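Asks: here's my sequence, what's the structure:
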Amino acid sequence: MYDVDKLLSGDANEGLISRVPVPQGNMRQLNAGYHDIYAAYDPATKRDRFYGAGTGGFHVFDITHPEQPKFLFSLSGGPGVISYGHTLAPSNDGRYAMAFSEIQYWPVLVFDLKPGLEGQVSSISSPIGGWTADWRGASHSGV
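Replies: Numbering: from 1, shown residues only. Here you go, the predicted model:
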């Protein structure tokens, strides 16, 4: 994550203040990292959240203190959840998310994030639903 004020003031680290790690238990691929990311403020909890898709599936962090990202939970490890995510798009209220894998014939998976947000689990492995506009396609990141 970057601090734009530091970047513009000529900071030696070019504004870099932290890196959001990929959870260690999910290092299944050679190129560990995130493909798409999204950050949002949740007014109900007054917290900032990071939603990352990439190595190991989909991961959610609390980034209220961006210098110290705090892992909350992953969407990974179950039937229908692949080892590499393309895009994770939360609903406006942060309760649900659509997970895109960009694999032909693969539906967009819909997850209820409540168990992870409430600290009940560190991994959600079962979607509550799926959707596809055309079963022959590969949903990309159409949110």
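
Asks: excluding its backbone neighbours, what's nearest residue 116?
Replies: What sits nearest to residue 116 in space, not counting adjacent residues and going by CB to CB, 6 or more residues apart in numbering, is residue 73, at 3.2 Å. All C-beta spots, glycine's among them, are computed from the backbone N, C-alpha and C.

Asks: partners of the helix or strand the one you found falls within in the sheet?
Replies: Residue 73 is located in strand 70-75, with elements delineated by DSSP states H and E. Strand pairing for strand 70-75, determined by DSSP bridges: strand 57-62 (antiparallel), strand 123-124 (parallel).

Asks: check the ones you listed for me and report the most buried one.
Replies: strand 57-62 (a mean of 24; mean count of other CB atoms under 10 Å).

Asks: now that strand: how far from the chain's centre is it?
Replies: 4 Å (CA atoms, centre = their mean, to the nearest Å).

Asks: ok, and what's touching that strand?
Replies: Strand 57-62 is contacted from outside by 20, 22-23, 26, 47-53, 69-77, 81-85, 88, 97, 99, 113, 116-117, using CB atoms under 8 Å, 6 or more residues apart in numbering.

Asks: same check on stretch 7-22?
Replies: 1-6, 32-34, 37, 50, 52, 54-56, 59, 61, 63, 66-69, 71.
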